[in-house]
Structure formats: C-alpha cells, structure tokens
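Novice: sequence first, then the predicted structure:
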Amino acid sequence: MSELATLLADANLADQVNYDGCVSQSHQPPVVLLTGATGFVGVHLLNALLHDTDAVVYCLIRAPDTAAAQARLIAQMQANRLWRDDLITRIVPIAGDLEQPQLGLTPAQFTALAEQINVIYHNGAATHILPPYHHLRPANVLGTAEILRLAGYLTIKPVQFISTLSLFTPKPLPYQRAPFNEHETPPCPLNASGYVQTKWVAERMVERAFQRGLPGSIIRIGRIFGNSQTQVMMNDNDQLYLLLKACVMVGQFPLSLQPMQMIPADFTSRAVVLFAHQASAAQRIFHLIHPQPIAWEELWSSVQGFGYSLTGVSAAAWVNQVQRHAAALYQSDPTTAMQLNLAAAPLLESPSSALQRTGFDARYANELLTAAGLNYPPIDAQFWRGHLQFFQEMNWLPPPNCCPSPSNVVAYWRWRAMQKQRR
Ligand SMILES: NC(=O)c1ccc[n+]([C@@H]2O[C@H](COP(=O)([O-])OP(=O)(O)OC[C@H]3O[C@@H](n4cnc5c(N)ncnc54)[C@H](OP(=O)(O)O)[C@@H]3O)[C@@H](O)[C@H]2O)c1
C-alpha cells in the first residue's frame, strides 16, 4: 500500500464507534481521564487540572501495577517541582498502555473507567521524531482509536485532543503561505516524520468522531519550553535546549536565525484546560502559539550575561563548528556528540528557515485567553536566566567559569563523561 493510502486508511480506523448515546453530565467535580501524565506536557496539564479545577484526575500510566504507576507519577511531579502531598487524594493512577487493546485494561476495568470518567484529555503519545510511521502507529494511531472507543462507551465523554502545529510544517516549510487558520485541515504530511504522520492520522480520527457527534476540541500546540514560574524544563530532547547547549559548548551562536515562537509549559496547560472547559461541546480547533517570537539577541545576551563567552557566526560556520565538536566527543561522550548533531541537523537542512514556526492564526484561542485574563508570559532575560540556572543545576550545561574557551568546553565534557563512566 502506498504511504498516502496507508495514512488515509488509518484515518478511518475508529469510524465504527457510535456517538448517539447520552452525553455524560459534566458533574461537579469533573472526573477526568488524562493520558501522558508522566510526560513533559502531561505533568503540567495534570498540575493545571488540579489547580484550576476541582477535578479528580485518572491518569493512564505505563507501569506494571497501580503502585508503580503512582510512584512514576509522583517522581515526575517532584522532578518538575510541582508535587504537594495533599494532591494525592485527587489523583487516581491506572496502569495501562495506549498500544494495547482496551488500553491494556481488563474488560471490567475498561467498563469501570467508562462509568467513572466524564471527560478525556488525550495527550499521551510516542513523541520521538526519528522512528518511522509504523513504529509510532500503535501508541499514536491505535491508542487514539481506543480512546475514541472509550469516549463512546456507555456514555459519551468529550475528548480534548492535544495535537501539534508541526502538522503544518512538513519540510520544506511553506512559511510564505501563512496564516494557517484554526479551522484548516493540514495537508496529508507525506515525506514528514513518522511522528507528524501519526499525529495527523490521529487528528483526522478525532475530527471524524466530531462529525459523528462526539463533543470535544483539538488543541494544536506550538513549540513548548520550560515552566515560566518554576523555571524547570525537564525535556533534554528539546531542540531549543539542544541549540543552547551546542552554542555554549562551541562558544558561538548562529547569526540570522529566523523567528521562532515558544510557549512555556505551565501557560500551555492552563490554556488547554481553559479551552477544554469552554469548548467541551463545540468541536473547535484551537491554535496555541506565543504571539511574540523569541528575541534571539536577548537570548544570546542572557547567555553571555550568565558568564558564557559567545560570538556570532554564520549558520554554515556554526554547523561546521558544532559537527567538529561532535566528532571530537564521539568516542568519549557519544550522548553529547549525538545531541550536538541533533542541534545542528535543522540548520544543516535549511539554515534560513530551519527553526521557523510562525504564521499561525490563533484567533479563537486568543479571544478566550483575553476574556479569561490569561496573558502570555514574557520570554525575557529573566525567563532565560532562570532556565540557564536550572540547566546548570541539572548539570546539563557546564558552569560558565570552567569554560573560558571552546577547547576547554570539549575538555570539560570529556572529563564529565569519564566521571560518569567511573560512577
Ligand atoms: N513538547 C512539545 O513541544 C509539543 C508541541 C506540540 C504538541 N505536543 C503534544 O503534546 C503531547 C505530549 O507531548 P510531550 O512533549 O509531553 O511528550 P513526552 O514528554 O514524550 O510525553 C509523552 C507521554 O505519553 C506517554 N505515552 C507514550 N506512549 C504511551 C503508551 N504506549 N501508553 C501510555 N502512555 C504513553 C508517555 O509515557 P511514558 O512516560 O511511559 O513514556 C508520556 O507520559 C503529545 O501529544 C505531543 O504531540 C508536544
């Protein structure tokens, strides 16, 4: 079957689910099923649900049993500095798996869950960008089919589906063709990553369920970074973090980067909860993206103000330098070498547009945010300082005073890799 035929056929997967039954009451307090609560977005979404609503939140977590599921969740909340002991009474961990039929639950557990919850936040997904479509299909496509089945089982439960604005950005990025409207269906992303393709198929499945009467919303989110309140950013796969790290390591930053928008995880989650609350029956699509692109100069001067010495060079020279550092570290610290290569990869493909994520119309979202008095947090020097401090605490960046020159940075990372091996 061709790639196109596979994606289109998979988009029909949940078409047999019927949404003619009674819609579950949005009784108080709401009882929510949240998927992906142990992930970067999910942990903030859980936090927002616990703080901005009275909800009891069932969390579907990959684990051998309930106790292990709870332990994973608490550890994740603690790592993100969001945990408080009193929250435990409003969290119900469930050991399950999106890849399995009935979410890995027994028929009795599946039925009990369908009876207990009255809204679903489907945020969980396999998010690696490298594997092909068929690797991610079980979690992202078949998992969404199971969620849509649960949504129509016994009572109808609105589904708030967390999607991504990357659906609009298969490479090469057509950034002249902006704005991408909230009601627009992104074109079938042939030649995109397996991740984007599975998210596109899952979104089409949710959209088709909406056409058959399922309430809910689709929230397409742009690039997410750390928490604007705690300054915690527990995602060391993030492209912007990798870029920062590479710049610190080589003592250079690429000049003339295109604008990039980024939104803090805490604000993202509060906005999602707001949209879901307002739009539970509206079958709306929202775009959530910071209206202000990152001011690159402010970022570089914050990094310099933190004590790192950086000079601006052309994107091509920067890529070259990063790749040389990666090659030098390949034997002693393959993880850092791979991170450097990942940081360089987007600029290698297309230096002028590689990090671009602009041109999205977010009118519905912004109207609701304004009406609720929820303002986008500024991404300013204070934001960057807090995050640089956090990266240092995590040992994700070397201390500034230990690396006065790029060659010393390499020496530092070699030394650090050796220390790790000894432990
Ligand atoms: N981060 C961003 O910048 C961004 C931007 C736009 C949209 N999004 C969307 O936001 C959502 C969350 O992304 P994220 O960045 O938070 O990703 P993440 O940190 O990788 O978290 C993914 C979550 O999904 C869970 N999951 C994966 N496979 C599962 C399975 N088979 N069964 C049960 N749970 C499974 C993971 O559980 P484990 O802990 O067990 O792995 C984890 O809790 C995704 O839908 C993504 O498309 C993210």
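Specialist: Thanks, I have the structure now. Since the structure is predicted, the reported quantities are computational estimates derived from the model, not experimental observations.
Novice: and the residue of this structure closest to the ligand?
Specialist: residue 39 (2.0 Å; CB to the nearest ligand atom). (Glycine included, C-beta is placed from N, CA and C.)
Novice: so that residue touches residue 126, yeah?
Specialist: No: in this structure, residue 39 is not within contact of residue 126 by CB atoms under 8 Å, at 10.1 Å.
Novice: which residues do these two both contact?
Specialist: Shared contacts of residue 39 and residue 126 (CB atoms under 8 Å, 6 or more residues apart in numbering): none.
Novice: can you list the low-confidence ranges for the stretch 51-200 of the chain?
Specialist: Filtered on pLDDT under 70, the stretch 51-200 of the chain yields the residue ranges 169-179.
Novice: secondary structure element for residue 94, which one?
Specialist: Residue 94 belongs to strand 91-95 when assigned by DSSP states H and E.
Novice: gap between that strand and the chain center?
Specialist: In terms of CA atoms, centre = their mean, to the nearest Å, the centre of strand 91-95 is set 21 Å apart from its chain centre.
Novice: same check on stretch 116-136?
Specialist: So, by CA atoms, centre = their mean, the centroid of stretch 116-136 is 11 Å from its chain's centroid.
Novice: can you give me the end-to-end span of that stretch?
Specialist: Terminal residues of stretch 116-136 are spaced 29 Å apart (CA to CA, to the nearest Å).
Novice: repeat that for stretch 106-122.
Specialist: 20 Å.
Novice: now the helices for the stretch 201-350 of the chain?
Specialist: With DSSP state H, counting those that start in this stretch, the ranges of helices along the stretch 201-350 of the chain come out as 239-250, 265-278, 296-305, 315-329, 334-349.
Novice: C-terminal to the last one, what's the next element?
Specialist: Moving toward the C-terminus from helix 334-349, the first helix or strand encountered (DSSP H and E) is helix 363-372.
Novice: give me the angle between that next one and helix 265-278.
Specialist: 90 degrees (axes from the mean of the first three to the mean of the last three CA atoms, to 10 degrees).
Novice: which residue ranges of the stretch 151-300 of the chain form strands?
Specialist: Assigned by DSSP state E, counting those that start in this stretch, the strands in the stretch 151-300 of the chain fall at 159-164, 216-221, 224-225, 252-254, 263-264, 284-288.
Novice: which residues touch the second one?
Specialist: Residues from elsewhere that reach strand 216-221 (CB under 8 Å, 6+ apart): 41, 120, 151, 158-165, 167, 182, 203, 206-207, 209-210, 263, 268, 272, 275-276, 279-280, 282-289.
Novice: and the residues you listed, which are buried?
Specialist: Among those, those classed as buried by 16 or more other CB atoms under 10 Å are 41, 120, 151, 158-165, 167, 182, 203, 206-207, 209-210, 263, 268, 272, 275-276, 279-280, 283-289.
Novice: if we can go back for a sec, can you redo the helices of the stretch 201-350 of the chain as CSV with distance to the ligand and mean pLDDT?
Specialist: Supplementary listing: those in CSV, determined by distance: least, CB to the nearest ligand atom, whole Å; pLDDT from 0 to 100:
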stretch, distance to the ligand, mean pLDDT
helix 239-250, 9, 93
helix 265-278, 8, 95
helix 296-305, 17, 94
helix 315-329, 22, 93
helix 334-349, 14, 88
